[in-house]
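Generate a structure from the sequence data that follows.
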Amino acid sequence: MRLKFTEAQRIRNLPPYLFARIERLIDEKRAAGVDVISLGIGDPDRPTPDHIVEELIREVRNPANHQYPTSVGMLSYRRAVAQWYKGRFGVELDPETEIVSLLGSKEGIAHISWCYLDPGDVVIVPDPGYPVYSGGAILAGAKPYFVPVYPGDGYLIDFDSIPADIARKAKMMFINYPNNPTGAVADEAFYRKAIDFAREYEILICHDAAYSDVAYEGYKPPSFLQFPGAKEVGIEFHSVSKTYNMTGWRIGWAAGNPAAVEALGRLKSNIDSGVFQAIQHAAAAGLTGPQDVVERQNAIYQERRDILVDGLNNLGWNLAKPKATFYVWAPVPKGHTSESFAELVLDKAGVVITPGTGYGKNGAGYFRMALTVEKERILEAISRIKEYIGEVEV
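Got it, this is the predicted structure:
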């Protein structure tokens, strides 16, 4: 029987999600008996801290949490977010008007485009960059304008390179530091330029800060919201996923400009019923509880980072150690594309890496590795690459 319905144009315009393909490749290899080491997906491998899990257990047993939550989030949870911002960045936030809960930051990043972009509108997106920035815009019928970022500029957006006619048309712009996939970080001068740019062209800045607390050697990445004027022009997305190993719990927030927060909350009230309250209580326990768990986690990632970067450099790369995130971004060897090298490493060494083109055209010639496996597996991955691929020229 031939059905009459067809996919909507917005779905036909949407590319396949990168990590869905990676997960299929891993499943296929494992089904064939290959001991796969996956350095492809940035999903923390360590457990959620005990005090957070214990808070969830307590709250799950409370019948008051078994009914519909509010779409914008419990006020107690939003107060915990505000308390965390005050302690971590010195930023004052009104939990009632400047914070909205999210089903993980990914959900909010996709849905903010629905709040502000009509078909044909323009959104400025970094290239390479997290695919959801453009994916949410495409679903809203908007047109992403991809602005290339380059290693010579520290993968910082060059605002002067954006054509004035594009800037005048654009309604929104995504920025992301510490950066996925490159590991790049931004300083005060960059954020001040972003705020000035947004003011000049009346653009909403959307800052993805998911990795602000995965950093090394005493470095403390700033929040976009801590700079003067940021709340006038922007909103910041964050979550407990990477900081407290809670990716599967699906809880985050957006904070900043009250009008943007209200619009996102209004949209969410029409399409979801909010985060299970017991999870909100548990996330609040993470935000307001002991933060030494974060430092211990970062020490583990730092050791893994050093093993991976030193191992790659011994094989012919010349990589600096990233100051933040749990990613290593590297050029492919000469004679390879991002895709061909990723396929070679998987086929020969049983190691999954992410081709840079999954993050945009300007990611061509690069690949990303995640530090989310035990150090013994990273050592094994380096050993396999050395055995089956050998030293390289980049």
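
I'd like to know how far residue 286 sits from residue 342.
Taking C-beta to C-beta, to the nearest Å as the measure, residue 286 falls 34 Å from residue 342. No exception for glycine: its C-beta is placed from N, CA and C like everyone else's.

and what of residue 165?
Distance from residue 165 to residue 342, by C-beta to C-beta: 37 Å.

Those two - which one has more neighbours?
residue 342 (25 against 9; other C-beta atoms under 10 Å).

where does that one land in three-state SS?
helix (DSSP: H, G, I helix; E, B strand; the rest coil).

tell me the contacts of it?
Applying C-beta atoms under 8 Å, 6 or more residues apart in numbering to residue 342 gives the contacts 352-355, 367.

From these, list the buried ones, please.
Among the contacts of residue 342, those scoring as buried are 352-355, 367 (criterion: 16 or more other C-beta atoms under 10 Å).

any chance of these in a markdown table, with pLDDT too?
Shown next, in a markdown table, are these (pLDDT from 0 to 100):
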| residue | pLDDT |
| --- | --- |
| 352 | 94 |
| 353 | 96 |
| 354 | 94 |
| 355 | 95 |
| 367 | 98 |
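
For residue 325, give me phi and psi.
According to degrees, to the nearest 10, the main-chain angles of residue 325 amount to phi 70, psi 170.

so it touches residue 180, yeah?
Yes: shown here, residue 325 and residue 180 form a contact pair, counting by C-beta atoms under 8 Å, at 6.3 Å.

quick one: whichever strand or helix holds residue 381 to chain centroid distance?
Following DSSP states H and E, the helix or strand that holds residue 381 is helix 375-388. Here the centre of helix 375-388 is set off from its chain's centre by 26 Å, with C-alpha atoms, centre = their mean, to the nearest Å.

Mind giving me the packing neighbours of that helix?
Where contact means 3 or more C-beta pairs under 8 Å, 6 or more residues apart in numbering; DSSP states H and E, helix 375-388 is packed against strand 37-38, helix 292-314, strand 351-352.

buried sites along it?
By neighbour count with 16+ other C-beta under 10 Å, helix 375-388 contains the buried residues 377-378, 380-382, 384-385.

before we move on, what about stretch 278-294?
278-287, 291, 293-294.

mind giving me TSV with these and columns for secondary structure, distance to residue 234 and pLDDT?
As requested, these are exported to TSV (DSSP: H, G, I helix; E, B strand; the rest coil; distance: C-beta to C-beta, whole Å; pLDDT from 0 to 100):
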residue	secondary structure	distance to residue 234	pLDDT
278	helix	31	98
279	helix	27	98
280	helix	24	98
281	helix	29	98
282	helix	28	98
283	helix	23	98
284	helix	24	98
285	helix	28	98
286	helix	25	98
287	helix	21	98
291	coil	26	97
293	helix	29	96
294	helix	25	98
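
What is the nearest of these to residue 392?
Nearest to residue 392 among these is residue 294, at 35.0 Å by C-beta to C-beta.

okay, stretch 283-297 in CSV with CA atoms only?
Only the C-alpha atoms of stretch 283-297 are listed here, as CSV (Å, rounded to 0.1, in the frame of the first residue of the first chain):
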residue,chain,number,x,y,z
ALA,A,283,20.4,18.5,40.1
ALA,A,284,20.0,21.2,42.8
ALA,A,285,22.0,19.0,45.2
GLY,A,286,24.8,18.9,42.7
LEU,A,287,24.8,22.6,42.1
THR,A,288,24.7,23.6,45.8
GLY,A,289,26.7,20.6,47.2
PRO,A,290,30.4,20.0,47.5
GLN,A,291,32.3,20.9,44.4
ASP,A,292,35.4,18.9,45.1
VAL,A,293,33.8,16.2,43.0
VAL,A,294,34.3,18.4,40.0
GLU,A,295,38.0,19.0,40.7
ARG,A,296,38.6,15.2,41.1
GLN,A,297,36.8,14.5,37.8
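
Got the domain ranges for the protein?
The chain breaks down into these domains under automatic domain parsing: 9-47+292-388, 64-288.

Using CSV, please lay out the ones you listed together with distance to residue 56.
Putting the domains of the chain into CSV (distance: least, C-beta to C-beta, whole Å) gives the following:
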stretch, distance to residue 56
domain 9-47+292-388, 13
domain 64-288, 4
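
Which one, of those domains, ends up nearest to residue 54?
domain 64-288 (8.2 Å).

end-to-end on that closest one?
Start and end residues of domain 64-288 are separated by 22 Å (C-alpha to C-alpha, to the nearest Å).

ditto for stretch 365-380
Using C-alpha to C-alpha, one end of stretch 365-380 lies 24 Å from the other.

what about it, distance to the chain center?
Mean-position distance between stretch 365-380 and its chain equals 18 Å (C-alpha atoms, centre = their mean).

Need the contact partners of the helix holding residue 381.
Contacts for helix 375-388 (C-beta under 8 Å, 6+ apart): 37, 39, 303-304, 307-308, 311-312, 315, 345, 348-351, 371, 373.
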